[in-house]
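A.B. asks: Here's my sequence, what's the structure:
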Amino acid sequence: MEKINDYLNTHKDRFINELIELLKIPSVSADSAFSEDVHKTAEVVRQKLQEAGCDHTEICETKGYPVVYGEKMVGPDLPTILVYGHYDVQPPDPLDLWNSPPFEPIIKETDIHPNGAIFARGACDDKGQFYMHVKALEFMVKTDQLPCNVKFMIEGEEEVGSDSLADFLDEHKEKLTNDIILISDTGMMANDVPSITTGLRGLSYVEVEVTGPNRDLHSGIYGGAVPNPINVLSKMIASLHDENNHITIPGFYDKVEEVSTAERAEMAKAPFDSEEYKKALDIGDVYGEKGYTTPERYSIRPTLDVNGIWGGYTGEGAKTVIASKAYAKISMRLVPHQDPDEITELFAKHFEAIAPKGVKVKVTPHHGGLPYVTNIDSIGYKAAAKAYETTFGKTPIPERTGGSIPIVALFEQVLDSKTILMGFGLDSDAIHSPNEHFGVWNYLKGIETIPYFYKHFTALSKE
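C.D. replies: This is a model prediction of the structure:
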């Protein structure tokens, strides 16, 4: 790609400022109070796609938030790349843990990002990462170097489970026809260790409710005589892991893919410093399933975690009460061959079975998704590897990661398309957490690298 670095140097301030303006819009899909902002963001994304060079852009309404679609068609005999991303963001809570307001982006230097990082909700997940693709398109169109067709599908419900996407894909199969899907919603091992995500864990997400007495009770008059839902829920949750941190739900591991010793040995070659890991998180020691390393625990093994738990009085001061109800939100990350619907059913059956007679239990399923593994011998992977080799000067490491992107498996089912995950964020970028950020270097490196994927994928497709 001729003059990519010249183009970046000329326009990098504008690229950064455009992203900052996008990050200022609080497109929180989980909270209806931000509905207007989510719709506003969709229109801004459509406009930016048009300015970057798409010949056609549109806002596609769904039963939820809209999908932004854009395309630049170069020729019918050329391959077509479909870029997927999402413009919605996680809620910024807890606000008091942010060092700067989450929707007032600021650039600050850090030890990991000496060239500065943009601190804002959505900086890395996923506004900064999908916007790299918009700017990469701009470069290729403005310099007349776009080697193939490109389509964009940027949605607004990823952070709440992409509930509208299945219907959207069914309704627009022809429009979304492609040869490969390209996503940047993952990360890489380090700025000097490029990697390509080859595996994603699936997800089963549930909410549980435990009900005891028909009203809140005085803890002095009734304490010790009636079931306390908070105590009961705590014990039930604690019983979901044994002394080896093995999940105790019957049948949970029946379909788990056991990764071979040889593959585990290859994974172990990836750089990982346990002491640095603990230091970065300020923890005394790591924790997890016995018999597996830390990288294995967060990539090739399934997990069960409580994401939130509440009940009773949590305000200032004291209120001596036995709450009528207690609640928790629980996520289970799944590995290949585990089905989220089956796991949700197993969880519900088990959770109801272990409840003592004095309480009632309700399990409400939320969103889920299938795990995904890509083939490193595919044309798409080879093109991505060549792109990283060109801009990083190193061969990227294939890496399975712990996160979930449910849409990836759905793409394969509905569109019969494989996906390549080219992420440029880092684990330390605090996605879903206070002080989320995205390195300026990483943002610009993504814009530099993506055009080479287009170049190499087009060339390999012709062979």
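A.B. asks: From now on I want contacts and neighbour counts done on CA atoms only, so please keep to that.
C.D. replies: Will do.
A.B. asks: And residue 141, which helix or strand is it part of?
C.D. replies: Under the criterion of DSSP states H and E, residue 141 resides in helix 127-142.
A.B. asks: What lies in contact with the helix or strand just after that helix?
C.D. replies: Per DSSP H and E, the first helix or strand lying C-terminal to helix 127-142 is strand 149-155. Under the contact criterion CA atoms under 8 Å, 6 or more residues apart in numbering, strand 149-155 has outside partners 65-75, 78-88, 176.
A.B. asks: just stretch 63-78 next, same as before
C.D. replies: Contacts made with stretch 63-78 from outside it, assessed by CA under 8 Å, 6+ apart, are listed as 29, 38-39, 42-43, 45-46, 49-50, 53-61, 146-157, 163-164, 458.
A.B. asks: Determine the set of other helices and strands touching the helix holding residue 141.
C.D. replies: Identification of packing neighbours for helix 127-142 by 3 or more CA pairs under 8 Å, 6 or more residues apart in numbering; DSSP states H and E yields helix 4-23, helix 35-52, strand 80-86, helix 440-462.
A.B. asks: taking the mean pLDDT, what do you get for stretch 398-418?
C.D. replies: Across stretch 398-418, pLDDT averages out at 89.
A.B. asks: Can you mark which positions in that stretch are buried?
C.D. replies: Neighbour counts over stretch 398-418 (16 or more other CA atoms under 10 Å) mark 398-411, 415, 417-418 as buried.
A.B. asks: Flag the shaky bits of the protein, pLDDT-wise.
C.D. replies: Applying pLDDT under 70 to the predicted model, the chain contains no residue that meets it.
A.B. asks: could you measure residue 15 against residue 90, distance?
C.D. replies: Spatial separation of residue 15 from residue 90 under the definition CA to CA, to the nearest Å is 23 Å.
A.B. asks: what's stretch 292-310 in contact with?
C.D. replies: With CA under 8 Å, 6+ apart as the criterion, stretch 292-310 contacts 199-201, 230, 247, 256, 259, 272, 286-289, 326-335, 400-402.
A.B. asks: er, stretch 28-39 actually
C.D. replies: Defining contact as CA under 8 Å, 6+ apart, one finds that stretch 28-39 is touched by 25-27, 65-66, 87-91, 156-157, 159-160.
A.B. asks: Now tabulate the helices and strands packed on helix 127-142 in CSV and tack on mean neighbour count and distance to residue 216.
C.D. replies: Compiled in CSV, the helices and strands packed on helix 127-142 are given as follows (neighbours: other CA atoms under 10 Å; distance: least, CA to CA, whole Å):
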stretch, mean neighbour count, distance to residue 216
helix 4-23, 16, 43
helix 35-52, 19, 35
strand 80-86, 24, 42
helix 440-462, 21, 52
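A.B. asks: so which of those comes closest to residue 138?
C.D. replies: Closest to residue 138 of these, according to CA to CA: helix 35-52, at 4.3 Å.
A.B. asks: Does anything pack onto the helix or strand following the closest one? Which helices or strands?
C.D. replies: Helices and strands here follow DSSP H and E; after helix 35-52, the next one along the chain is strand 56-60. Secondary-structure packing of strand 56-60 (3+ CA pairs under 8 Å, 6+ apart): helix 35-52, strand 67-72.
A.B. asks: and the ones you listed as TSV, adding distance to residue 220?
C.D. replies: Formatted as TSV, the entries for these read as follows, by distance: least, CA to CA, whole Å:
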stretch	distance to residue 220
helix 35-52	45
strand 67-72	55
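A.B. asks: do you know which of those lies nearest residue 105?
C.D. replies: Between those, helix 35-52 lies closest to residue 105; by CA to CA that is 15.7 Å.
A.B. asks: quick one, helices of the stretch 251-400 of the chain?
C.D. replies: Assigned by DSSP state H, counting those that start in this stretch, the helices in the stretch 251-400 of the chain fall at 261-267, 274-281, 294-297, 340-353, 379-392.
A.B. asks: Pick the most deeply packed of these.
C.D. replies: Among these, ranked by average contacts under mean count of other CA atoms under 10 Å, first place goes to helix 379-392 (a mean of 21).
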